[in-house]
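Engineer: Predicted structure and sequence below. I'll ask about it afterward.
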Amino acid sequence: MKKRRKNKKRTIEPGDDLKYTVCGEWFPEVYPAFRSKKWSRGDEDPLDTEMRLFCACERWAFNRLMEGRSREELKQEGQRVFGLNSRYCDDAILKARAVIETQKELLALEIEETETKLSRAKKKLRWAEKDLDKAIKVNDPAKIEKAKRAFHGRKARVQKLAAKLAELQKHEANGTIPKVVFGGRSLWRQVCRGKAGREEWRHTRQNRLYARGDETKGGNPNMKVAYQEGRFTLAVTISHLSEQKGTDSKGRPIMTRAPRVTGKLWLPEKHRLNVWELLLKGAPYTVELFKGRDGRYRVHIAFTIKVPELVTDPDLGYLGLDTNPDGVALVNVNYFGQPEPWPERFAVPYPKGLHKFAGEFQTIVHPNGFLHIKMPELAYSRSFRRTYLIGVLAQVVVNIAKVLGKSIAIEDLGFGKDRLDTNKKFNRMAANFPYRKITEAVVRKACKEGVGVKPVRPAHTSTIGYWKYMERYGVTIHHAAALAIARRAIGFKERITKELKQKIQAVIESLNQKENSLPGEGKGMTRKVKQQIMRLDEKVPVHNGLDRYKQESFYSVWHDLKQLALSSR
């Protein structure tokens, strides 16, 4: 069997263009005076009819594209079937095509992750089988019963993953994709179990409308944003209410002008000036309209803007960033890889929005270039509140980098799904640790502000900081890890110094003393610790002469130093 080659992790790099999305709310005020007897249902207004027809056209286009039909053919047929204009119909086809392409990309990733899960599950099954054999040998009924439950549970897990992998590989071989459930698979399961109503299910399948931008048509011909009399307005075209009044020379239908639903558009104050400037330039913009269960309309307006020029210089050094569940640790590092004191009269830009209670935003500034920003709410707040706090935190970090004129060095760490369902401790940590959100928020904000970001390999940064920098500078492990990240971004190797060798020897001597204090497995110089020390004796003398990628590899000397540090606690 040919072994699948794993995809390399992509670093975060902004392209030539940047998508600028603004979320707002729309309040429709003026509706068309008539309804369509052909397309409307019951008492629904024309806007709801248009949204329902668009979503139905998207699902129809998805099924037709899976049959291999072309976009041009579907565009003409969709106008007749759903009564939409050509642009709405084309947008629905493009949305359906995007779903298919995304599912194909996810299929390869899902196969790779399932293979990793299956290999781990098989290893755990072998462990459970050995535990069962040992329990049978000692003839302990309680242990036998417990081992049997573990064995059968892990066997069922292996069978489930093997069946899932076979199904995914079958889709890959046939060029198909797994079944797609429009409206959400989880909600559909709740409907099947009677925990959710069909009305809610139908609403989620017909509650949106999408229109692409066009520079030649004044930004967006189907959903037009305008600024009039000191306020923003949005006009949505109701295409199914237009009627045919003849044909042109090529036999194409000539339609009457479609009416519009207009109303006030509310946008956040911090985005209004940017949106107004982009509208004056005639920039194209994409609009997606959502209707919630509460009857309110949310709007996502997306512009494509050029990435601003960098205002930071990598030659000055880096601002090292280490992410924690309750905040971030920062360090100001010069080009020589050493912590640099903060500039005179430096002050952390305190966000004005955080003033609810004392301690909501905590900053600890060390004069030697270290800084800790804590937001205790990040560890336990709800998702919306957490997203807001992460955005504020990203803004503060980027502002500090702009003041220093230095790029940001972050870890390119990824929490994939390959360990889920097989490691409870990791699952709990990954679910509560907003690392990915913090990193993405910092990168997005930095790209918009023209601040450089350099992702580096995350291997052993905390271990390096613990052994080399934490005691030297008198800082926490998080600050020391941030320093190791910044040094790695500059390109420094982490050498084994004489000071570090003396520290390792002191730890070994302390373990020898523990061995003779009190008897007990796991204390002092155990067999496992002796094996680690033997490996260190082999790796330490040759570490400084290795290439950088070998020094940062998983089984480098830092891996054994981490285990030694844990053993000395």
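Structural biologist: Sure, I can see it.
Engineer: Just give me the residue right at the centre of this protein.
Structural biologist: Nearest to the mean C-alpha position of the chain, by C-alpha atoms, centre = their mean, lies R436 at 5.2 Å.
Engineer: Check which helix or strand that residue maps to.
Structural biologist: Per DSSP states H and E: R436 is located in helix 435-449.
Engineer: Buried residues of that helix, list them for me.
Structural biologist: 435, 437-439, 441-449 (16 or more other C-beta atoms under 10 Å). In short, each C-beta sits where N, CA and C put it, glycine included.
Engineer: Also stretch 23-32?
Structural biologist: In stretch 23-32, counting by 16+ other C-beta under 10 Å, buried: 24, 26, 28, 31.
Engineer: Show me which residues of stretch 114-134 are buried.
Structural biologist: Buried residues in stretch 114-134 (16+ other C-beta under 10 Å): 114-118, 120-122, 124-125, 128, 131-132.
Engineer: Need the outlier residue of this structure, farthest from its centre.
Structural biologist: Distance to centre of the chain, C-alpha atoms, centre = their mean, peaks at S249 (51.7 Å).
Engineer: if we can go back for a sec, what would the buried residues of stretch 114-134 look like in a markdown table with pLDDT?
Structural biologist: Shown next, in a markdown table, are these (pLDDT from 0 to 100):
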| residue | pLDDT |
| --- | --- |
| T114 | 93 |
| E115 | 93 |
| T116 | 89 |
| K117 | 90 |
| L118 | 94 |
| R120 | 91 |
| A121 | 93 |
| K122 | 94 |
| K124 | 93 |
| L125 | 95 |
| A128 | 94 |
| D131 | 93 |
| L132 | 94 |
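Engineer: Out of the residues you listed, which comes closest to P308?
Structural biologist: T116 (39.6 Å; C-beta to C-beta).
Engineer: secondary structure class for that closest one?
Structural biologist: helix (DSSP: H, G, I helix; E, B strand; the rest coil).
Engineer: How about S381?
Structural biologist: coil.
Engineer: Does it touch T387 like I think?
Structural biologist: No: proximity of S381 to T387 does not meet the contact threshold set by C-beta atoms under 8 Å, at 9.4 Å.
Engineer: Name the spans of the protein whose pLDDT lies under the cut-off.
Structural biologist: For the chain, applying pLDDT under 70 flags the ranges 1-16, 250-253, 353, 355-356, 413-433, 513-524, 569.
Engineer: By residue count, tell me the biggest strand in it.
Structural biologist: strand 17-30 (DSSP state E).
Engineer: Output the buried residues of stretch 23-32 as TSV; include the columns distance to V275.
Structural biologist: Below are the buried residues of stretch 23-32 laid out as TSV (distance: C-beta to C-beta, whole Å):
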residue	distance to V275
G24	9
W26	14
P28	19
Y31	25
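Engineer: just those residues now: which is nearest W266?
Structural biologist: G24 (5.4 Å).
Engineer: Any idea how many residues pack against the closest residue to that closest one other than its chain neighbours?
Structural biologist: Using C-beta to C-beta, 6 or more residues apart in numbering and skipping the chain neighbours, the partner closest in space to G24 is L267 (4.3 Å). Neighbour count of L267, defined by other C-beta atoms under 10 Å: 19.
Engineer: now Y335
Structural biologist: 14.
Engineer: and the host helix or strand of L109, what other elements does it pack with?
Structural biologist: Taking DSSP H and E as the definition, L109 sits inside helix 86-138. Secondary-structure packing of helix 86-138 (3 or more C-beta pairs under 8 Å, 6 or more residues apart in numbering; DSSP states H and E): helix 46-66, helix 71-82, helix 141-174, strand 208-211.
Engineer: chain center to the shortest one: distance?
Structural biologist: Put plainly, it is strand 208-211. 24 Å (C-alpha atoms, centre = their mean, to the nearest Å).
Engineer: who does the next helix or strand after that strand pair up with?
Structural biologist: Next along the chain after strand 208-211, taking DSSP H and E as the criterion, comes strand 223-228. Strand pairing for strand 223-228, using DSSP bridges, gives strand 231-237 (antiparallel).
Engineer: Tell me the spacing between the residue nearest to the centre of the chain and H543.
Structural biologist: For R436, the distance to H543 equals 32 Å [C-beta to C-beta, to the nearest Å].
Engineer: before we move on, the earlier item: will you turn the buried residues of stretch 114-134 into a markdown table that also has distance to A506?
Structural biologist: Listed next are the buried residues of stretch 114-134 as a markdown table, based on distance: C-beta to C-beta, whole Å:
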| residue | distance to A506 |
| --- | --- |
| T114 | 46 |
| E115 | 44 |
| T116 | 39 |
| K117 | 42 |
| L118 | 44 |
| R120 | 37 |
| A121 | 42 |
| K122 | 42 |
| K124 | 38 |
| L125 | 43 |
| A128 | 41 |
| D131 | 39 |
| L132 | 44 |
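Engineer: What does W39 show for phi and psi?
Structural biologist: Torsion angles at W39 (phi, psi; degrees, to the nearest 10) stand at phi -100, psi -30.
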